[in-house]
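> Predicted coordinates and the sequence they were generated for:
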Number of protein chains: 2
Amino acid sequence: MARRQAPDTKQRILAVAARLFGRHGVRSVGMQRLVDETGLGKSLVYREFSSKDYLVAEWLKETDAAWGEYADAATRPHEGDPARQMLALVEFIHDSVLADDFYGCVFYNTIAEFRDEDHPGRRAAVAHLERVRALLAHYGRDAGAEDPEGLADTLLLIIGGLLVNGTAFAGKGPAEHAVPTAAAIIRQACPATAGSALG
Amino acid sequence: MARRQAPDTKQRILAVAARLFGRHGVRSVGMQRLVDETGLGKSLVYREFSSKDYLVAEWLKETDAAWGEYADAATRPHEGDPARQMLALVEFIHDSVLADDFYGCVFYNTIAEFRDEDHPGRRAAVAHLERVRALLAHYGRDAGAEDPEGLADTLLLIIGGLLVNGTAFAGKGPAEHAVPTAAAIIRQACPATAGSALG
DNA sequence: GATGACGCAGACCGATCGGTCCACAGCCCG
DNA sequence: CGGGCTGTGGACCGATCGGTCTGCGTCATC
């Protein structure tokens, strides 16, 4: 062994962390189990990440980055129609809720698991939510909403409800109403959505 | 000591559990700490509750019962106006989010902490959500909604979003839009709400 | 007052927690 | 080819986990 350092070590650890933390939650996965599933040694994990808390934070930051790319891909087809792009975000989240590897939103889950405001993981989770809010407000502004911030907040309400009820009810029930409800809200908030294909 | 059994033992334990689990989450509170704060011995706690998991479940069942009473009190003033009663439920939840001892909805939080479908605590939490859904659907039916189940699901969407974003954003932002949004949804779903005082 | 039964506080259990450290394996350089 | 150096897996650490069990203190009874 000891090949000279493997450059993808950090990514490997993050991939295992994503799978285990996402499926079982952070607190119920011990570092020993995580280390075992990477096939690496503990010392290596602790050299890449100073503590479990910071591993959680980096996992969430990476997930946030990946989310940004998916969100980009989901909204790109509707370039130039910001009202439709907002709805595309909700649709994209709805799709992820229906995926069979969905075990709850990692950001909301982490906030539920770590109550200390200063926890690095919780901070990263809150930062993600603020990013989503800013993105929605941006689209809302472009769509000519009278109150883009308020529209973003209202859509975040829907999105949060979609994610947490999606877990509790296994995708049935409340989750099914998220997209239509969001469409109605967007339609009502943006005076000039006549040209938008909001369904 | 050993007075001959104190009859309020169970309630005392549940009160401590409610405070600690509600504030810090279940997994981060050890039984030792809980026992210490009751002032009782461990054996007594384990005689009243067979395990931590079942203590969690009973705590949630009791919280569900208390919630039912609060909900009753919140809706009673609007007896005979079911549309307004639905909104009163949302208002009541919104108020609880703003309370300074709000640290997130214990039901959604517990679902986030325990992923195993068979966990007694998770079961109790899901049962509570289903109860809320049924209550909303009941009011929706009385209010003459065309699709009371769908209306209940949509309102649960709002309520879930209100609760989880209330935690993440400390009551600011999304939470502020829950009541108006719910009012609009109720108004639109119930054809004959002309007589209701939905604000 | 002595005695038996009961109820309970807390010592104790093995397992596991997050985190540290050591001993060895493989590489590079002389 | 040998000696140091580096990177690493896994043994190990004290603390704490959920849960058990025992020894003592306090009653009711005679």
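That came through, no problem.
> For residue A:100, grab the count of nearby residues.
Residue crowding around residue A:100 was assessed by other CB atoms under 10 Å in any protein chain shown; the count is 6. (C-beta placed from N, C-alpha, C; glycine too.)
> Now do the SS call for it.
Assigned by DSSP: H, G, I helix; E, B strand; the rest coil, the conformation of residue A:100 is coil.
> Got the confidence number for the closest residue in space to residue A:148 that isn't next to it in sequence?
Spatially, and ignoring its direct neighbours in sequence, residue A:148 is nearest to residue A:140 (3.3 Å; CB to CB, 6 or more residues apart in numbering or on different chains). Model confidence at residue A:140, given as pLDDT, is 95.
> Strands of chain A, residue ranges please.
Using DSSP state E, chain A contains no strands.
> the bottom helix or strand of chain A by mean pLDDT?
Lowest by mean pLDDT, DSSP states H and E among the helices and strands of chain A is helix A:42-48, with a mean of 91.
> Render the CA-only coordinates of it in PDB, please.
This file holds the C-alpha atoms of helix A:42-48, laid out as PDB (Å, rounded to 0.1, in the frame of the first residue of the first chain):
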ATOM      1  CA  LYS A  42      -8.900   6.600  10.500                       C
ATOM      2  CA  SER A  43      -5.800   8.700  10.500                       C
ATOM      3  CA  LEU A  44      -6.300   9.600   6.800                       C
ATOM      4  CA  VAL A  45      -9.900  10.600   7.400                       C
ATOM      5  CA  TYR A  46      -8.800  12.800  10.300                       C
ATOM      6  CA  ARG A  47      -6.100  14.400   8.200                       C
ATOM      7  CA  GLU A  48      -8.600  15.400   5.500                       C
END
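> I would like the residues contacting it, please.
For helix A:42-48, the external contacting residues (CB atoms under 8 Å, 6 or more residues apart in numbering or on different chains) are A:9, A:10, A:13, A:31, A:32, A:34, A:35, A:38, A:55.
> Could you pick out which of those are located in helices?
A:9, A:10, A:13, A:31, A:32, A:34, A:35, A:38, A:55 (DSSP state H).
> And for the fourth one, the neighbour number?
Neighbours of residue A:31 under the rule other CB under 10 Å: 14.
> so where's chain A shaky on pLDDT?
Within chain A, the segments meeting pLDDT under 70 span A:1-7, A:192-199.
> What segments of it are helices?
Under DSSP H, chain A gives helices at A:9-24, A:31-38, A:42-48, A:52-75, A:82-98, A:106-113, A:120-142, A:148-168, A:178-189.
> Any idea which of those helices gets closest to DNA strand D?
helix A:42-48 (3.1 Å; CB to the nearest atom of the strand).
> re the thing from before, just put the contacts of helix A:42-48 in JSON lines and tack on distance to residue A:158.
As requested, the contacts of helix A:42-48 are exported to JSON lines (distance: CB to CB, whole Å):
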{"residue": "A:9", "distance to residue A:158": "40"}
{"residue": "A:10", "distance to residue A:158": "35"}
{"residue": "A:13", "distance to residue A:158": "34"}
{"residue": "A:31", "distance to residue A:158": "36"}
{"residue": "A:32", "distance to residue A:158": "40"}
{"residue": "A:34", "distance to residue A:158": "34"}
{"residue": "A:35", "distance to residue A:158": "39"}
{"residue": "A:38", "distance to residue A:158": "37"}
{"residue": "A:55", "distance to residue A:158": "31"}
